[in-house]
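# Have a look at this prediction, sequence included:
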Amino acid sequence: MRKFNHNLIENGLKNLIVLGTCYEYGKVNGKVSEKFNCKPLIPYGLAKLKLLNSILDLKKKYNFKFAWLRPFFVYGYNSKRKSLYSIVKELDKGKNINLQVCGKLVRDFLSIDYLCKVIFKLIKLNKDIGILNVCSGKKISVKNFIKKILENKRKLVNINMNGKNPNFFEPNYFWGDTKKLKKILSSN
């Protein structure tokens, strides 16, 4: 990916938008802004941060507009990928699934529809944005998120909300700061 982006810029691309990840921040509890010092713990976050740094090095040599988007916990239906959202939707459809989650984890969930709207707006703005959290800015527990998206509330009995956080690299409570995002989206 690094060579691909470098080739684009070196051959005259004037506007580059790249999706990073909130996992670049590492294991941080609380609200994080774009100014936060990243300390990723997993290869995915490390690779994204390495790519970001290579693009920032290119900015020193070439004149181009750049946006590095850090989406938080994106949800939406995807039939090929098993996610919390898709599993809960399968429960709604009557599939017999026993789910165990850590209901007390706090996350910043973002719909895929909203993420797409933000990307479209940024393309139209054609501005040099830099790093940008793409998030709701709202903290919600996994338990309350499930209750919100589960249409058939009787299916809640199939979900054990008392599981432990299975991922050593994820904090217990983590959400994004939307100050910069709101400012950009309110322009033009």
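Yes, it's here.
# what's the spacing between Lys93 and Tyr77?
When CB to CB, to the nearest Å is the yardstick, Lys93 and Tyr77 sit 11 Å from each other. For every residue, glycine as well, the C-beta is placed using N, CA and C.
# which residues touch Tyr114?
Ser136 (CB atoms under 8 Å, 6 or more residues apart in numbering).
# gap between the helix of greatest length in the chain and the chain center?
Among the elements of type helix in the chain, defined by DSSP state H, the one spanning the most residues is helix 43-61. Distance of helix 43-61 from the chain centroid (CA atoms, centre = their mean, to the nearest Å) equals 17 Å.
# Please apply the same query to stretch 170-178.
10 Å.
# Could you do stretch 164-175 as well?
Mean C-alpha position of stretch 164-175 versus that of the full chain (CA atoms, centre = their mean) differs by 14 Å.
# So which bits of it are buried?
Under the neighbour-count criterion of 16 or more other CB atoms under 10 Å, stretch 164-175 has 170-171, 174-175 buried.
# same check, this time on stretch 174-188
Of the residues in stretch 174-188, those buried under the neighbour-count criterion (16+ other CB under 10 Å) are 174-178, 180-181, 184.
# Of those residues, just say which sits nearest to Asn53.
The nearest member of those to Asn53, counting by CB to CB, is Lys180 at 19.6 Å.
# What helices and strands are in contact with the longest helix of the chain?
Here helix 43-61 touches helix 2-10, strand 15-19, strand 65-71, going by 3 or more CB pairs under 8 Å, 6 or more residues apart in numbering; DSSP states H and E.
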